[in-house]
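Novice: whatever this is, show me its structure:
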Amino acid sequence: MSDGTAAETRVDCHVKVLNDAVVERARAVGLDVLVYAPHFTRLPEIRRQAASYSTDDLLVVPAREVFTGSWRNRKHVLAVGLEEPVPDFISLEAAMAEFERQGAAVLVPHPEFATVSLGESDLRRYVDVVDAIEVFNPKHFPAHNRRARELAEKLALPPFTSSYAHLPQSVGVAHTVLDRTIETEAELVSAFEDGVARRIVYNKGNGRWRTTALELAHLCYENTWEKIDRLFLSGTEPTHPHHIAYDGRFDDASVY
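Specialist: Residues are numbered from 1 along each chain as shown. The predicted structure follows:
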């Protein structure tokens, strides 16, 4: 990872896209680690893709952003270090219990954003389970990021940031610098769970607003035609709790 005199690692804590362009971009901006958590993709496939793009100078860590609750009232939680797959569309309680059972690092992306995030009451309930809260997200407007920082301070939760990149050019525009050398998935999980010291880095210039505009445009697409295709044309998602891959383990926790 980082080869400077300081023992630190630059981590983009949440990206949705992974290909050659993403890897090239990550290297160009000096990242050491990418946390890869695509939507509606089962953990074994995420692990396979992450391993295929990891190199000596860039570690790609597999993760799952689990959609808890229903589509209209879903609450996203990012889990790093899962050993066994966890489906979407289960209750928040069941997801948190499973993350805790598996010893995963639990990160809260984009708190209180639209209808897809944990709110203050959720954070208070699970403050002993959550390892970090996102305090800057390029999709957010300043008021959203201020509120996220306020929550982190109020609840004494360690911060993190990410590019939340759905587009290759967004990778690295926001990232977290951990005050520790990270060379494996297990070391990243430990760093989050240990609350290791860190710096939050993000682009404050005009490029930040270009990233925001492009990513929000992608978000609008993702939640319109793509959503309709997923829910009504594509059949059962591979991360649906009733999928055969989960062998009925999450049937009681399913919201559908």
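Novice: for Leu34, see how far away Ser162 is.
Specialist: Ser162 is 10 Å from Leu34, where distance means C-beta to C-beta, to the nearest Å. Using the backbone N, CA and C atoms, a C-beta is placed for each residue, glycine as well.
Novice: which residues of this protein fall in helices?
Specialist: 20-28, 43-53, 92-102, 120-125, 142-155, 185-194, 206-222, 225-228 (DSSP state H).
Novice: among those, which comes closest to Glu84?
Specialist: helix 92-102 (6.2 Å; C-beta to C-beta).
Novice: tell me what the closest one is packed against?
Specialist: strand 59-68, strand 75-80, strand 105-108 (3 or more C-beta pairs under 8 Å, 6 or more residues apart in numbering; DSSP states H and E).
Novice: so for that helix, what gets flagged as buried?
Specialist: By 16 or more other C-beta atoms under 10 Å, the buried positions in helix 92-102 come out as 92, 94-96, 98-99.
Novice: adding mean pLDDT, distance to Asn137 and mean neighbour count, write the helices and strands packed on helix 92-102 out as CSV.
Specialist: What follows is the helices and strands packed on helix 92-102, written out as CSV (pLDDT from 0 to 100; distance: least, C-beta to C-beta, whole Å; neighbours: other C-beta atoms under 10 Å):
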stretch, mean pLDDT, distance to Asn137, mean neighbour count
strand 59-68, 97, 13, 24
strand 75-80, 97, 11, 23
strand 105-108, 98, 11, 24
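Novice: those: which one's closest to Pro241?
Specialist: Comparing the helices and strands packed on helix 92-102 by their distance to Pro241 (C-beta to C-beta), the top pick is strand 59-68, with 10.6 Å.
Novice: how big is the angle separating that closest one from helix 92-102?
Specialist: Angle of strand 59-68 versus helix 92-102, following axes from the mean of the first three to the mean of the last three C-alpha atoms, to 10 degrees, is 150 degrees.
Novice: so how far is strand 59-68 from its chain's centroid?
Specialist: 6 Å (C-alpha atoms, centre = their mean, to the nearest Å).
Novice: generate a markdown table for the helices of the chain, with mean pLDDT as supplementary columns.
Specialist: Formatted as a markdown table, the helices of the chain follow (pLDDT from 0 to 100):
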| stretch | mean pLDDT |
| --- | --- |
| helix 20-28 | 97 |
| helix 43-53 | 98 |
| helix 92-102 | 98 |
| helix 120-125 | 98 |
| helix 142-155 | 96 |
| helix 185-194 | 98 |
| helix 206-222 | 57 |
| helix 225-228 | 52 |
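Novice: any chance of the buried residues of helix 92-102 in CSV, plus distance to Pro168?
Specialist: Output for the buried residues of helix 92-102, formatted as CSV (distance: C-beta to C-beta, whole Å):
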residue, distance to Pro168
Leu92, 31
Ala94, 34
Ala95, 29
Met96, 32
Glu98, 31
Phe99, 29
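Novice: can I get the helices and strands packed on helix 92-102 in JSON lines with distance to Val171?
Specialist: As requested, the helices and strands packed on helix 92-102 are exported to JSON lines (distance: least, C-beta to C-beta, whole Å):
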{"stretch": "strand 59-68", "distance to Val171": "11"}
{"stretch": "strand 75-80", "distance to Val171": "16"}
{"stretch": "strand 105-108", "distance to Val171": "18"}
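Novice: which one of the helices of the chain lies nearest to Ala7?
Specialist: Closest among the helices of the chain, using C-beta to C-beta: helix 185-194, at 11.1 Å.
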